[in-house]
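Q: Sequence plus the predicted model coming up.
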Amino acid sequence: VLFGLMLFLPAYARPVALLRDEDPPSGSAKAGHFQPVTLHTFLGAVSFFYLLYLVSQLAYFFSAFRGILPEGYTQAEYARRGFFEMCALCSINLLMVMISIGQVRREPETPRLTKALCLFILVFSLVLAICSASKMGMYISAYGLTRLRVLTSLFMVCVAAALLCVAIWILIPRFPYMQVAVLTVLVVGC
């Protein structure tokens, strides 16, 4: 139901935005491009549901910082679930932000609301990565380091670096985010 609502909002906003325009948009009416109002509606809905999700799950997300294990979880299950949640949501969020910024970047200046909504989604993803790292830290403190736990932790560092690079790129368009992200991955890999 929530996913359907998120898809309905941009589908509804696009025809409404086209009806209200006196002049048809020159560069953004091409096939494959979205109007900023469509992106704002979609990103706003996603941001709202992420905020709702974060507030409703505060105890689950932040309990690892205090060393508290939720009922019904072992430390391995808690860390594993946090890691896979982070992987899924961060990859979806990075893809969504890159497509959104790429759609409006063809204009001379990216709308501020698009930047703000994309930054919120990236900050949510970064909070999720930090919470996942705290769950992994709790797991490591209980059972010690293994090669797999070290690699998982290094992957989380790479994800956080990629999120930060894209966030800086949104604020400073000339920032070479891809080169910094690849360099970070190479350094962490070494």
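A: Nice, thanks for sending it over.
Q: where are the low-confidence patches of the chain?
A: By pLDDT under 70, the low-scoring segments of the chain are 1-34, 105-109.
Q: Would you tell me which helix is longest in it?
A: Criterion DSSP state H: the longest helix present in the chain is helix 112-143.
Q: Could you pull out the buried residues of it?
A: Buried residues in helix 112-143, defined by neighbour count with 16 or more other CB atoms under 10 Å: 114-115, 117-122, 124-126, 128-140. Heads up, the C-betas are built off the backbone N, CA and C, glycines and all.
Q: now do stretch 65-74
A: Those would be 69, 73, for stretch 65-74 by 16+ other CB under 10 Å.
Q: Span of that stretch from start to end?
A: Distance across stretch 65-74, first residue to last, is 16 Å (CA to CA, to the nearest Å).
Q: From the chain's centroid, how far away is that stretch?
A: Between the centre of stretch 65-74 and the centre of its chain there are 25 Å (CA atoms, centre = their mean, to the nearest Å).
Q: So which residues make contact with it?
A: 59-60, 63, 75, 78, 81, 131, 134, 138 (CB atoms under 8 Å, 6 or more residues apart in numbering).
Q: residues in contact with residue 39?
A: Taking CB under 8 Å, 6+ apart as the test, what residue 39 contacts is 10, 100, 103-104, 114.
Q: Go through the residues you listed and give me the one with the most neighbours.
A: residue 100 (25 neighbours; other CB atoms under 10 Å).
Q: List the contacts of that one.
A: Residue 100 touches 39, 42-43, 114, 117-118, counting by CB under 8 Å, 6+ apart.
Q: And it, which helix or strand is it part of?
A: Using DSSP states H and E, residue 100 maps to helix 75-104.
Q: Report the angle between that helix and helix 112-143.
A: 160 degrees (axes from the mean of the first three to the mean of the last three CA atoms, to 10 degrees).
Q: circling back: what's the closest of the contacts of residue 100 to residue 189?
A: Proximity of the contacts of residue 100 to residue 189 (CB to CB) peaks at residue 118, which lies at 27.6 Å.
Q: hang on, the earlier thing: would you reformat the contacts of residue 39 as a markdown table and include distance to residue 89?
A: A markdown table is the format used below for the contacts of residue 39 (distance: CB to CB, whole Å):
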| residue | distance to residue 89 |
| --- | --- |
| 10 | 20 |
| 100 | 16 |
| 103 | 21 |
| 104 | 23 |
| 114 | 20 |
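Q: Of those, which is the nearest to residue 50?
A: Looking across the contacts of residue 39 and measuring by CB to CB, the closest to residue 50 is residue 100, at 14.3 Å.
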